[in-house]
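Peer 1: Based on what follows, work out the 3D shape:
(one chain, ligands or ions: 1)
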Amino acid sequence: MATIVQFENVGLRYGTGTETLIDLSFSLQGGAFYFVTGASGAGKTSLLRLLYLAQRPSRGIIRLFGEDAVVLPRARLPGFRRRIGVVFQDFRLVPHLSAADNVALPLRVAGMNEREVKQSVREMLAWVGLADWAEARPETLSGGEQQRVAIARAVIARPEVLVADEPTGNVDPEMADRLIHLFDSLNRLGTTVVVATHDLHLLSRIPTARMMRLEEGRLLDPTGSLRHPPEGEA
Ligand SMILES: Nc1ncnc2c1ncn2[C@@H]1O[C@H](COP(=O)(O)OP(=O)(O)OP(=O)(O)O)[C@@H](O)[C@H]1O
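Peer 2: Okay, here's the model as predicted:
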């Protein structure tokens, strides 16, 4: 597996307060599945925001897909962001667009022709089990359905990495299992998946996942495996 993300002594401070993230050094291997865990306030969301380039660190080095992401010129950010799909706890669908039009957004932004957009959206909605809900507005869908639309939107442009922040926080346990199954299927197709969660039950659903445990802004990595991937995987 290739290293696709590398953090070296990364720190993040909001305003003039103390550091929220402290000395993060780790690498993520392409094709692996990671869980980010830790108590509320430990810094999970902040870490993910650095990963999907919504936030720049206060110090340290972040390399993404082999390039220095901290000094990346603004003009190149959209190109990088397209390689990373993001899913949020609160779905963040566009309320006045149908499920199909929400899922189509990344392809339309990328300028794909309408015939291909429609075909891809149809396949994607079928994959998440919502083939019959293409024309539904988000407000008419349950939380689990909205999250499946959001997942379809996040992955329709085939990102290399999928980042999900508490994706099961607003759905019932049965739906949480279904969602994690979708992430697992994507991962098996080669997408690197990073899921932040409080839900310890989810962790057992992906036995091969690697754990990134945050405690008060520091990453616990007692075996060093996040810094130095197991032999043969570097
Ligand atoms: N934009 C911000 N400005 C100032 N402080 C912030 C900001 N975002 C987060 N923080 C602070 O940083 C710390 C870590 O927050 P973060 O949301 O990253 O943790 P978390 O582990 O995701 O928590 P939760 O599980 O409750 O979502 C908290 O003390 C929070 O108040």
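Peer 1: Quick check: closest non-adjacent residue to Ile22.
Peer 2: Gly217 (4.6 Å; CB to CB, 6 or more residues apart in numbering). Just so you know, the C-beta spots here come from the backbone N, C-alpha and C atoms, and that holds for glycine as well.
Peer 1: so that neighbour sits right up against Glu19, yeah?
Peer 2: Yes. Counting by CB atoms under 8 Å, Gly217 does reach Glu19; the two are 6.1 Å apart.
Peer 1: Check the secondary structure at the most centrally placed residue in the chain for me.
Peer 2: Nearest to the mean C-alpha position of the chain, counting by CA atoms, centre = their mean, stands Val163 at 0.6 Å. What DSSP: H, G, I helix; E, B strand; the rest coil gives for Val163 is strand.
Peer 1: before we move on, back to that, and Gly217 and Glu19? Which one has more around it.
Peer 2: The neighbour comparison of Gly217 against Glu19 (other CB atoms under 10 Å) goes to Gly217, with 21 against 16.
Peer 1: And the pLDDT for the more buried one?
Peer 2: Gly217 carries a pLDDT value of 97.
Peer 1: For it, give me its contacts.
Peer 2: For Gly217, the contact set (CB atoms under 8 Å, 6 or more residues apart in numbering) comprises Glu19, Thr20, Leu21, Ile22, Ala42, Gly43.
Peer 1: so how far is the ligand from it?
Peer 2: Going from Gly217 to the ligand by CB to the nearest ligand atom, to the nearest Å gives 7 Å.
Peer 1: do the same with Thr192
Peer 2: Separation of Thr192 from the ligand (CB to the nearest ligand atom) stands at 20 Å.
Peer 1: Any idea how many residues pack against that residue?
Peer 2: 22.
Peer 1: Next: the one 3 residues further on.
Peer 2: For Val195, the number of neighbouring residues by other CB under 10 Å comes to 28.
Peer 1: Surely it and Ala176 touch.
Peer 2: No. In this structure, Val195 is not within contact of Ala176 by CB under 8 Å, at 11.0 Å.
Peer 1: okay, and the common contacts of those two?
Peer 2: Counting by CB under 8 Å, 6+ apart, the shared contacts of Val195 and Ala176 are Leu202.
Peer 1: What residues are bridge-paired with Thr3?
Peer 2: Gln29 (DSSP bridges).
Peer 1: isn't it right next to Gln29, touching?
Peer 2: Yes. The pair Thr3 and Gln29 qualifies as a contact (CB under 8 Å) at a distance of 6.1 Å.
Peer 1: With neighbour numbers in mind, choose between the two.
Peer 2: Neighbour comparison, Thr3 and Gln29: the larger count goes to Gln29, with 18 against 15 (by other CB under 10 Å).
Peer 1: now that one: how far from Asp221?
Peer 2: For Gln29, the distance to Asp221 equals 14 Å [CB to CB, to the nearest Å].
Peer 1: helices or strands next to whichever helix or strand Pro106 is part of in the packing?
Peer 2: Using DSSP states H and E, Pro106 falls within helix 99-109. Helix 99-109 makes packing contacts with helix 114-127, helix 143-155 when contacts are defined by 3 or more CB pairs under 8 Å, 6 or more residues apart in numbering; DSSP states H and E.
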